[in-house]
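Asker: Predicted model and sequence follow; I will ask about them next.
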Amino acid sequence: MRQRGFSLIEILISMAIFLTVILLVSDIFVSTTTVQKKTIREQKAMNDLSNVIEQIAQYIRVGKVNYNLPYSTPSDRINIELEGGDFISIWQEDSAQTKSIAMNYRLDGGSIKSGYLTPEYTKTPKFDYYLIENLDFYITPIEDPTRLDLNNEYLSNQQPIVTVVIDAIVLTEDNQYLKNVKLQTTVNSRSYDR
């Protein structure tokens, strides 16, 4: 008389197929999660860099480019005079620990305060998901449009326009290269007094 049921070989084959399907589903889940983490890091970096470049653009928009600093094209620093005598200098700080965008403030004609480009200028951002590789300012015109030459004519008849370019590298959680990001904006100063 034959027993009804499965043989040992049949059970082993069905278990192997079941385990293979479970392994494939788990691998797809892990891959999807990894891609999602990378995408979230890229989005965070783009959001923060967009905020940084917008903050620089706001300072340029409401202030005047200070032409006392000799500018080249591109320039790695910009000085901006704000209404009321306030003064801001923006440049890329390159230290051994971090690359970031630094800023000096002279507010209310007082002492110079150093900080980093955040809403509260005395705090340092701790962005562990990107590095600023390069910060450039393309300032047009190079000559101060509010100054007169020897013939009593303005050095330039063009309103100051500044193009800000930020090159950054998005990093993975273990600080490995993930992606290059380049942001650019062009801003003209609303303050054009002659």
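Answerer: Cool, got the structure. Quick caveat, the model's predicted, so the values are computed rather than measured. Numbers count the residues shown, from 1 in each chain.
Asker: contacts and neighbour counts: CA atoms only from here.
Answerer: Noted.
Asker: Stretch 83-90: end-to-end distance?
Answerer: Criterion CA to CA, to the nearest Å; first-to-last residue distance in stretch 83-90 is 17 Å.
Asker: what about the helices in this structure?
Answerer: Taking DSSP state H to define them, one finds helices in the chain at 8-62.
Asker: give me the low-pLDDT residue ranges for it?
Answerer: Low-confidence segments of the chain (pLDDT under 70): 1-2, 93-128, 194.
Asker: in it, which residue is closest to the centre?
Answerer: Central residue of the chain (CA atoms, centre = their mean): residue 49, 2.8 Å from the mean position.
Asker: Without its sequence neighbours, what residue ends up closest to that residue?
Answerer: Closest residue to residue 49 apart from its sequence neighbours, by CA to CA, 6 or more residues apart in numbering: residue 183 at 7.7 Å.
Asker: In this structure the one you found contacts residue 166, no?
Answerer: Yes - with contact defined as CA atoms under 8 Å, residue 183 reaches residue 166; the gap is 5.2 Å.
Asker: so what sits against both of these two?
Answerer: Taking CA atoms under 8 Å, 6 or more residues apart in numbering as the contact rule, residue 183 and residue 166 both touch residue 53.
Asker: neighbours around residue 168, how many?
Answerer: Residue 168: 22 surrounding residues under other CA atoms under 10 Å.
Asker: Now do the contacts for the residue nearest to residue 49.
Answerer: Contacts for residue 183 (CA under 8 Å, 6+ apart) come out as 49, 50, 53, 165, 166, 167.
Asker: one more time with 7 Å, if that's ok
Answerer: When contacts are counted by CA atoms under 7 Å, 6 or more residues apart in numbering, residue 183 touches 165, 166, 167.
Asker: how close does residue 5 sit to residue 11?
Answerer: Taking CA to CA, one finds residue 5 at 10 Å from residue 11.
Asker: Could you check which of these two is surrounded by more residues?
Answerer: Using other CA under 10 Å as the criterion, residue 5 and residue 11 rank with residue 11 on top: 11 against 8.
Asker: And the more buried one, how far from residue 18?
Answerer: 10 Å.
Asker: Could you do residue 158 as well?
Answerer: Counting by CA to CA, the gap from residue 158 to residue 18 is 73 Å.
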